[in-house]
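> no FASTA, just this:
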């Protein structure tokens with residue numbers, strides 16, 4: 001599936017998740033500052049070490065921000081936060097917003113890269129199409145020049161033939177001129193009228209073939225050679241048209257695209273549920289609430305796809321700016337290394 005549509009879908013998911021996260025937070029929370037973010041970056045590793053000592057967990061599990069979010073109502077962890085000078089609600093506000101902002105930033109980066117790649121591919125396709133049309137036109141012009149030369153040679157043979165009466169010579173020459181005039185196409189604008197040019201070129205070849213076949217004064221061997229040249233030109237034109245058609249991306253099936261996005265993010269939600277279920281630090285009742293919240297986010301995401309609407313992002317712009325500026329440090333903080 002094209003990366004652009006995955007990124008767009010992930011963006012909708014993150015906006016939906018952001019709304020769910022903030023809805024569960026105290027309304028008095030304000031956007032975090034650079035000082036708070038720097039402090040969060042400095043203190044987070046110590047909290048993951050505490051979590052690792054309390055429960056045997058792999059680095060991937062203890063560093064997962066969803067796992068850490070499960071400790072929101074854990075009395076022992078709240079005591080650790082307080083001991084380090086953190087208000088638990090404020091710490092989890094930063095945790096949730098940083099996690100959401102990282103995913104959103106990553107999705108936007110993927111989308112920008114996909115759009116740039118599509119623009120490059122479109123430009124390359126247009127250049128190839130223009131070059132193919134130019135090559136085809138040159139070949140058609142060369143073929144026309146060859147046939148005109150043959151026609152002129154035939155006319156000269158008729159003019160100098162002492163066995164043909166003058167009035168018969170003129171009648172034959174006039175007939176040959178009419179065929180040539182009707183078959184010669186005007187100059188083509190390949191870029192602006194590609195489809196019309198292709199049709200006109202095909203009609204021209206057919207007209208030339210008809211003129212050659214109905215010319216009773218063309219020797220059989222010369223007629224065969226001329227028809228073979230036209231057939232070769234036709235095959236070359238058809239091959240170039242097939243190459244151009246193959247270069248055009250097939251139209252996206254909206255239903256299939258939506259189904260693929262659904263499947264992709266369904267797997268993502270299942271992974272998050274598994275991480276919560278496997279977290280030994282979360283009491284059963286708290287784990288249930290966390291899973292219900294994740295399920296609600298999943299439901300909102302599916303609804304957003306079906307309605308084809310993008311919810312208004314609720315992540316404060318100043319927070320998003322800080323997250324983008326510290327993206328590498330935050331990504332390393334949440335990694336399993």
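Arrived safely. Note that the coordinates shown come from a computational prediction; the quantities given were computed from them, not determined experimentally.

> Scan the protein for its longest helix.
Selection of the longest helix in the chain by residue count, based on DSSP state H, yields helix 88-159.

> Now do that one: distance to the chain's middle.
Centroid separation for helix 88-159 versus its chain: 13 Å, with CA atoms, centre = their mean, to the nearest Å.

> ok, now stretch 322-336?
Distance of stretch 322-336 from its chain centroid, counting by CA atoms, centre = their mean, is 27 Å.

> Secondary structure class of residue 270, three-state.
Reducing the assignment to helix, strand or coil with DSSP: H, G, I helix; E, B strand; the rest coil, the entry for residue 270 is helix.

> can you check residue 162 too?
Secondary structure, three-state DSSP: residue 162 is coil.

> how near is residue 315 to residue 105?
When distances are taken as CB to CB, to the nearest Å, residue 315 and residue 105 turn out to be 10 Å apart. C-beta: built from backbone N, CA, C; applies to glycine.

> cool, and residue 287?
Using CB to CB, one obtains 29 Å as the distance from residue 287 to residue 105.

> Ok, residue 166 next?
With CB to CB as the criterion, residue 166 and residue 105 are 88 Å apart.

> Compare these two (neighbour count), which wins?
Per other CB atoms under 10 Å, whichever of residue 166 and residue 105 has more neighbours is residue 105, with 17 against 8.

> Over stretch 73-89, what's the mean pLDDT, rounded is fine.
Averaged over stretch 73-89, pLDDT sits at 92.

> and if you look at stretch 274-288?
Here stretch 274-288 scores 76 as its mean pLDDT.

> can you give me the offset of that stretch from its chain's centre?
Stretch 274-288 sits 38 Å away from the centroid of its parent chain (CA atoms, centre = their mean).

> Show me which positions of it end up buried.
Along stretch 274-288, the positions that meet the burial threshold by neighbour count (16 or more other CB atoms under 10 Å) are 275, 276, 279, 281, 282, 286, 287.

> Give the burial count for residue 318, as a bare number.
Here the count is done by other CB under 10 Å, and residue 318 has 13 residues near it.

> So residue 139 versus residue 127, what's the distance?
The separation that residue 139 has from residue 127, given CB to CB, amounts to 19 Å.

> Those two: who's more crowded?
Set side by side, residue 139 and residue 127 give different neighbour counts by other CB under 10 Å, the larger being at residue 139 (16 against 10).

> Which residues are in contact with that one?
With contacts taken as CB atoms under 8 Å, 6 or more residues apart in numbering, residue 139 has the following neighbours: 233, 236, 237.

> Give me the residue ranges of the stretch 51-200 of the chain where confidence is low.
Segments of the stretch 51-200 of the chain classed as low confidence (criterion: pLDDT under 70) are 55-62, 179-197.

> Kindly indicate whether residue 318 is helix, strand or coil.
When the structure is reduced to helix, strand and coil (three-state DSSP), residue 318 reads as helix.

> OK, contacts around the closest residue to it other than its chain neighbours?
Once its chain neighbours are removed from consideration, residue 318 has its nearest residue in residue 31; the separation is 5.1 Å (CB to CB, 6 or more residues apart in numbering). If you count contacts by CB under 8 Å, 6+ apart, residue 31 has them with 316, 318, 319.

> dump the residue contacts of the last one.
By CB under 8 Å, 6+ apart, the contact list for residue 319 reads 31, 32, 97, 101.

> Please identify, among those residues, the one with the most neighbours.
Highest neighbour count within the contacts of residue 319, by other CB under 10 Å: residue 97, with 25 neighbours.

> That residue touches residue 32, doesn't it?
Yes: applying CB atoms under 8 Å as the test, residue 97 and residue 32 come out as touching, 6.9 Å apart.

> Return the distance of residue 118 relative to residue 101.
26 Å.

> What segments of this protein are strands?
Assigned strands in the chain: none (criterion: DSSP state E).

> returning to that earlier point: which one of the contacts of residue 319 is nearest residue 81?
Checking these against residue 81 with CB to CB, the nearest one is residue 32 at 15.1 Å.

> Verify the stated contact: that closest one with residue 95.
No: under the criterion of CB under 8 Å, residue 32 is not in contact with residue 95, lying 10.4 Å apart.

> Burial check on residue 173, number of neighbours?
14.

> could you list every residue that touches it?
By CB under 8 Å, 6+ apart, residue 173 lies in contact with 155, 158, 159.

> if you set the cut-off to 6 Å instead, what comes out?
Contacts here follow CB atoms under 6 Å, 6 or more residues apart in numbering; on that basis residue 173 touches residue 155.

> Pick out the most distant pair among the buried residues of stretch 274-288.
Between all members of those, the longest pairwise span (CB to CB) is found for 275 and 286 and amounts to 14.4 Å.

> show me what contacts residue 77?
Contact criterion CB under 6 Å, 6+ apart gives residue 71 as the residues in contact with residue 77.

> scratch that, residue 155
residue 173.
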